[in-house]
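Asks: Sequence and computational prediction follow.
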Amino acid sequence: MKVWEQRLWSNFDDTKTLGIRDIRVAVRRLRKFAREGVPEEFDIDETVTSTAKNAGYLDVKLRPERKNRVKILLFLDVGGSMDPHIEACEEIFSAAKSEFKNLEHFYFHNCIYEILWKNNPRSSQDIISTYDVLRKFGSDYRIIFVGDASMSPYEITYPGGSIEHWNEEAGIVWLDRLSAHFDSITWLNPEPRKFWNSSESNRIINEIFDGNMFELNLKGIEEAMKVLAR
């Protein structure tokens, strides 16, 4: 009774560090199923209804398998300031792969430029042109960026701003192209929101994506899924 009367409990924390199971539950908000293909799955409801209409004679009904039709492109920032967040990124990558059959992933460092890559460490076979991504994938793909958006503003706003190579066009040009091509884009940031205002690069990227940057926690992922589901 003493414990009950103290009422020291608090609400569950939706900003806690994520586990793989938490992420899977959150990303399921985005799943949209549709039945397509050859009818080969037993439809209990339709079988009962049809059998009843046929005076009790068994009339088995089949239906196509229900499949997830949502298509995802996952862009993952790697290296540098993202090293402390490797575990969280691995978990969301694993969860997304298990929940979405139509998923493609790409790596970048700090900001998007003219090339992306599929594996780390990258080789010439793993490099893909960002233009090819724009040409290959339709506007109906949902886009999820995962990164801390922590870099020099010059890496976003100026040609040659990349710390890895000479980029002929500024990163902001490529971010604008992606934003214009795809209908739904969000950015998941592993850094707490309270630190974002101290970073000019965070502000720039958040503006490009119309404020659709969210924290990489349970609440943030659910908010991002709501945006992508529109």
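Replies: Received it, and whenever you're ready, just let me know what you need.
Asks: Over to the residue most central in space within the chain. Which of the three states is it?
Replies: Centrality entry for the chain: nearest residue to the mean C-alpha point is I144, 3.4 Å, by Cα atoms, centre = their mean. Three-state assignment for I144 (DSSP: H, G, I helix; E, B strand; the rest coil): strand.
Asks: In contact with it, which residues are there?
Replies: For I144, the contact set (Cβ atoms under 8 Å, 6 or more residues apart in numbering) comprises 72-75, 96, 185-188, 224, 228. Where C-beta positions appear, they are placed from N, C-alpha and C, glycine not excepted.
Asks: Next one: it from G220, what distance?
Replies: 12 Å (Cβ to Cβ, to the nearest Å).
Asks: Just give the number of residues close to T47.
Replies: Residues lying near T47 (other Cβ atoms under 10 Å) number 16.
Asks: per-residue pLDDT, the residue nearest to M151 when sequence neighbours are not counted?
Replies: Spatial nearest neighbour of M151, excluding adjacent residues (Cβ to Cβ, 6 or more residues apart in numbering): N110 at 4.3 Å. With respect to pLDDT, N110 has a value of 92.
Asks: tell me the phi and psi of N110?
Replies: phi 70, psi -60 (degrees, to the nearest 10).
Asks: Go through the longest helix seen in the chain and flag the buried ones.
Replies: In the chain, assigned by DSSP state H, the helix with the most residues is helix 86-99. Neighbour counts over helix 86-99 (16 or more other Cβ atoms under 10 Å) mark 88-89, 91-93, 95-96, 99 as buried.
Asks: between the residues you listed, which is closest to F195?
Replies: A88 (15.5 Å; Cβ to Cβ).
Asks: My read is that that closest one contacts L216, right?
Replies: Yes - contact criterion Cβ atoms under 8 Å: A88 and L216 qualify, at 5.8 Å.
Asks: burial of K53, as a residue count?
Replies: Counted with other Cβ under 10 Å, K53 comes out at 10.
Asks: what's across from L74 in the sheet?
Replies: Note on L74: beta-bridge partners by DSSP bridges are H105, I144.
Asks: and the buried residues of helix 86-99 as TSV, adding pLDDT?
Replies: Formatted as TSV, those follow (pLDDT from 0 to 100):
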residue	pLDDT
A88	83
C89	84
E91	84
I92	84
F93	85
A95	82
A96	83
E99	78
